[in-house]
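Participant: need a 3D model of the following:
(chains A and B, ligands or ions: 2)
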Protein chains: 2
Amino acid sequence: MYRDRIRHPSLFGKVVSAEEAASLIKDGMTVGMSGFTRSGEAKAVPFALAERAKTDPLKITLLTGASLGNDLDKTLVEAGVLARRLPFQADPALRKAINRGEVMFIDQHLSETVEMLRTRQLGPIDVAVVEAVAITEDGGIIPTTSVGNSATFAILAEKVIIEINLSQPVELEGLHDIYIPTRRPFREPIPIVACESRVGLPFIPIDPSKIAAIVVTEKKDSAATVAPPDADTRAIAGHLIEFLRHEVSLGRLSNTLQPLQAGIGSIANAVLHGLIESPFHSLKMYSEVLQDSTFDLFDAGKLLFASGSSITLSEEKYRAVLPNLPSYKNRILLRPQEISNHPEIIRRLGLIGINTALEFDLYGNVNSTHVGGTMMMNGIGGSGDFARNCYLSVFVTKSIAKNGAISSVVPMVSHVDHTEHDVDILITEIGLADLRGLAPRERAKVVIDNCVHPAYRDQLADYYRRALTRGGHTPHLIEEAFSWHVRAAKTGSMREAVAAD
Amino acid sequence: MYRDRIRHPSLFGKVVSAEEAASLIKDGMTVGMSGFTRSGEAKAVPFALAERAKTDPLKITLLTGASLGNDLDKTLVEAGVLARRLPFQADPALRKAINRGEVMFIDQHLSETVEMLRTRQLGPIDVAVVEAVAITEDGGIIPTTSVGNSATFAILAEKVIIEINLSQPVELEGLHDIYIPTRRPFREPIPIVACESRVGLPFIPIDPSKIAAIVVTEKKDSAATVAPPDADTRAIAGHLIEFLRHEVSLGRLSNTLQPLQAGIGSIANAVLHGLIESPFHSLKMYSEVLQDSTFDLFDAGKLLFASGSSITLSEEKYRAVLPNLPSYKNRILLRPQEISNHPEIIRRLGLIGINTALEFDLYGNVNSTHVGGTMMMNGIGGSGDFARNCYLSVFVTKSIAKNGAISSVVPMVSHVDHTEHDVDILITEIGLADLRGLAPRERAKVVIDNCVHPAYRDQLADYYRRALTRGGHTPHLIEEAFSWHVRAAKTGSMREAVAAD
Ligand SMILES: CC(C)(COP(=O)(O)OP(=O)(O)OC[C@H]1O[C@@H](n2cnc3c(N)ncnc32)[C@H](O)[C@@H]1OP(=O)(O)O)[C@@H](O)C(=O)NCCC(=O)NCCS
Ligand SMILES: CC(C)(COP(=O)(O)OP(=O)(O)OC[C@H]1O[C@@H](n2cnc3c(N)ncnc32)[C@H](O)[C@@H]1OP(=O)(O)O)[C@@H](O)C(=O)NCCC(=O)NCCS
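Facilitator: Ligands and ions are numbered 1, 2, ... in the order given. This next block holds a predicted model:
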């Protein structure tokens, strides 16, 4: 059954149980596993590891591409296996353990982890565990629905465990473009000049003698948990499309726009979805995650090409797309996240990047990670790679959260992930602020006028008015800058008490 | 006299007085002028403009490369000429006007301004004023001691004014490498693969018919105002060298290190100077500004090559270097700041970047621009271009300022220019914190143990201890996070009052 998936005959003997493969992972090791935004993660060995930890406790440093599906982070953290975790996560149980200080989480720009591994500023990787569709005649590994950091993990690791996943269609073969930058200081330019540039191999090239074990699995990827567009996210999409139309009318963009990047989450997905009903056409994506909206855009005839590091779909979309992969094949490439997120390429292609904020402030600084300045939500992910290097950096969020108890537009963000220099456009369902070429005092005005929820507008305008009396390039009442967050922590709401009338 | 400097004979007739040239600049225009870290700025036309403004008030948007010498920003701001200013400045008078809200200052990553101009997200440029050593037979402009944004200003401007500066030695010719990235979405990789890669022209190529006026000047560049190394900056240099030696001993670097970048200012200059007495050799620089220390390293036989966007020296060093330019010529290139600071090249070459912080916090976030969170000092300059994309991002600062009334290590920085993700190493005269691969709670410990001044150590440790009781990935007492800044504003010092004994 799985033999046609292992085409290097000497490797048949390496097929073992998940438990046996997991026994290669010892206490204190650094392990690199496949997996990027819930897709293509190793699905057998880590569970066997968690099981073993019940009787034989162990702690590891776990690196992945990004977040994992199948409640893997939850399982590992509940089994007490995770000492350190990087570079991203999005699991509620792990999040809690991180915020309790039990797991050391190293939150990194997604393009940078492998640079640090390669220069031995991180690592070394003892064991890599990589999900694959197949192993080629030469021992090359064909990844599944994500590439993430798998290629570099496998290349650098002492030992490699392969999980051949029979539920992943063989048609994924040919979709990957594995390019590894040459060694510094002799690095050559990365030759990608368009979303569709194919510059690498369709498999991860490693010495087959490093393959220490092969495990055969059938577990499926978890479906994405993206909420369908609602009135607010539709309004956000509408503001963006109106803005882009205006840019076209000024001759700054054409109707084919520039290559698009969209972050994870419901809002970004809804925004992309909104492009179906737009005048734009012949679009291309150079993004991280190919979501439902990517395929909807293909099907609507709007999208020519999509480059990403993973495919993460809803249940329904998986059912529609996976059997039809051949029909999308010449229009998709999956790349290592170092390449999908590489500053060199993002700047060269001139992307329009759309990412999500938890909150932003008067001056356009963005917090995408820390609730109340201290509690980690997910991580910065690729948002910094894109926001810094884009042609146009857009951040979206609903103007309020928690039924209005929280304003997503605040005097000063409680944590900065993206500085004002990296934020061109801010959008809430209320409206859009175009911050390009504006000084901080001008930014404050357009943010107050366009983005803040009416319930908080006067309160924000009042803060700004009083801050102005103190002067400064970036006026603030430093002792009050976090007063909204403090109030929310104390009273449950950022709203100022108003005198009863 | 100046005729050998204007080699395109049809241009002789364009030579006019500074006043006449300045008359091309009208109220409301956007003007791009040469000048980068006090060198190579236009020195006649802007003064004539300031003079004219006394009787004929006008306001312009002024773009430059970076800061200007000869008190030019002061003169212009005092004449009321500046409505908007970008992307950097370092003038005390202008700084005050910015902080009073009189001049709108748009503080940008230095590599990004021309991308925005090119895509008409900023601009258009009505007039460019560029200092030159000479104009070639084809009308090409040979810049002087800086390139900055001059090439793109001249290429995009409607009209170009050239200031031929006879005090700038003709030997500067041949030092420049003018490369302009091709247009997106058809941009090709920038072919620089080493500090010494020469990829462009030795002059700025423009249509000579755009040259509207030529002014002949003799005013010299201002000297740099860098303080000589002191005990603290020597200690900082010592910590860095010890750290780099350790990296070499671990096999992560060789004794030739990686190409070096050093920010402006006394500390960075002192740190580079410290390399003279180090075991490192055959060094290269890929930086913004070539300072005194660059030439000291050449003279000490430590440095093989230096690429930058300007040469800015002390009085004494100018006297030593300018007459001897030919002897340095094959070892120096001056590039547009878009290229000296380009993310693509910084990442490819794998730089060691050394920049200066005003303050940093427990978790390694850095503030390089805003005193007390509101008052602009200079601007972010190129520090973000380098810190984000470096192989190793180092920030240096003295542990205290204002005779100890201010701690440069604080619970939370009052403004974020560089997030923890972009900061690998922090150094004060007290010691060095290596933050690579550490989670925030681990970062806090090494910062407290290694960087903070003894006078503030207990106070910082106490804040952190209390913050820990609240939990979180990045523990803070949000209502107290800026209490040190508030106290300094109220009492003149960040020190907590201690009970008299
Ligand atoms: C910012 C981010 C968390 C938003 O996620 P999302 O699913 O689109 O947004 P939601 O509106 O559902 O918000 C998620 C949660 O945050 C809460 N929230 C939103 N704004 C908030 C704020 N200002 N303060 C506190 N909580 C807030 C929501 O109420 C919701 O809480 P719940 O899970 O208890 O319901 C997510 O996009 C992210 O992790 N981004 C960072 C990484 C990134 O950008 N990666 C992509 C780059 S390619
Ligand atoms: C950060 C920066 C201002 C430091 O400049 P410097 O000349 O090396 O440092 P100094 O120690 O002399 O400090 C400059 C002033 O800031 C004050 N200062 C330093 N730390 C301070 C702090 N934490 N709070 C308030 N003031 C502080 C000093 O007292 C001094 O004041 P003075 O001018 O009244 O004497 C400067 O490097 C800069 O502008 N950097 C940002 C841009 C940049 O990095 N460009 C280069 C990239 S290539």
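
Participant: and the closest residue to ligand 2 within the stretch 201-350 of chain A, how close does it get to A:Gln459?
Facilitator: Nearest to ligand 2 in the stretch 201-350 of chain A, going by Cβ to the nearest ligand atom, is A:Pro343, at a distance of 17.2 Å. From N, CA and C alone the C-beta is placed, and that goes for glycine too. Between A:Pro343 and A:Gln459 the computed distance is 38 Å (Cβ to Cβ, to the nearest Å).

Participant: cool, and A:Leu322?
Facilitator: Taking Cβ to Cβ, one finds A:Leu322 at 49 Å from A:Gln459.

Participant: what of A:Leu117?
Facilitator: A:Leu117 is 47 Å from A:Gln459, by Cβ to Cβ.

Participant: compare those two (neighbour count), which wins?
Facilitator: Neighbour tally, A:Leu117 and A:Gln459, criterion other Cβ atoms under 10 Å in any protein chain shown: the higher count belongs to A:Leu117, 23 against 17.

Participant: and the more buried one, helix, strand or coil?
Facilitator: At A:Leu117 the chain is in helix, as set by DSSP: H, G, I helix; E, B strand; the rest coil.

Participant: how about it, nearest residue that isn't a chain neighbour?
Facilitator: Leaving out its chain neighbours, the residue that sits closest to A:Leu117 by Cβ to Cβ, 6 or more residues apart in numbering or on different chains is A:Gly123, at 4.6 Å.

Participant: any idea how far A:His453 is from the one you found?
Facilitator: From A:Gly123 over to A:His453 the distance is 46 Å, taken as Cβ to Cβ.

Participant: which of the two has more residues huddled nearby?
Facilitator: Neighbour totals were compared for A:Gly123 and A:His453, and A:Gly123 leads with 21 against 18 (other Cβ under 10 Å).

Participant: got a list of what that one touches?
Facilitator: A:Thr30, A:Met116, A:Leu117, A:Leu156 (Cβ atoms under 8 Å, 6 or more residues apart in numbering or on different chains).

Participant: if I've got this straight, it is in a helix?
Facilitator: No - under three-state DSSP, A:Gly123 sits outside any helix and is assigned coil.

Participant: and the helices in the stretch 1-150 of chain A?
Facilitator: A:18-22, A:45-53, A:72-78, A:92-99, A:113-118, A:150-156 (DSSP state H, counting those that start in this stretch).

Participant: now do the buried residues in the first one.
Facilitator: Within helix A:18-22, the residues that count as buried by 16 or more other Cβ atoms under 10 Å in any protein chain shown are A:Ala18, A:Ala21, A:Ala22.

Participant: let me know the closest of those to chain B.
Facilitator: Chain B lies nearest to A:Ala22 out of these, by Cβ to the nearest Cβ, at 24.8 Å.

Participant: which helix is the longest one in chain A?
Facilitator: Taking DSSP state H as the criterion, chain A has its longest helix at helix A:231-249.

Participant: so which of the helices of the stretch 1-150 of chain A gets nearest ligand 1?
Facilitator: Once the helices of the stretch 1-150 of chain A are compared by Cβ to the nearest ligand atom, helix A:92-99 is nearest, at 8.3 Å.

Participant: skipping its backbone neighbours, what lies nearest the residue in the stretch 351-500 of chain A positioned nearest to ligand 2 in space?
Facilitator: Closest approach between the stretch 351-500 of chain A and ligand 2, counting by Cβ to the nearest ligand atom: A:His421, at 12.1 Å. Nearest residue to A:His421, sequence neighbours excluded (Cβ to Cβ, 6+ apart): B:His109, at 5.5 Å.

Participant: can you give me phi and psi for A:Ala227?
Facilitator: The phi and psi values for A:Ala227, taken as degrees, to the nearest 10, are phi -70, psi 140.

Participant: could you report the neighbour count for it?
Facilitator: By other Cβ under 10 Å, neighbour count at A:Ala227 equals 11.

Participant: how near is the closest residue to it other than its chain neighbours to ligand 1?
Facilitator: Leaving aside its sequence neighbours, A:Ala227 sits nearest to A:Ser266 (Cβ to Cβ, 6+ apart; 4.1 Å). A:Ser266 sits at a distance of 5 Å from ligand 1 (criterion: Cβ to the nearest ligand atom, to the nearest Å).

Participant: so who does A:Ser266 touch?
Facilitator: A:Val226, A:Ala227, A:Pro228, A:Pro229, A:Thr233.

Participant: out of those residues, which are buried?
Facilitator: For those, a burial check counting by 16+ other Cβ under 10 Å picks out A:Val226, A:Pro229, A:Thr233.

Participant: looking at those, which is nearest B:Asn99?
Facilitator: The closest of these to B:Asn99 turns out to be A:Thr233 (Cβ to Cβ; 39.4 Å).
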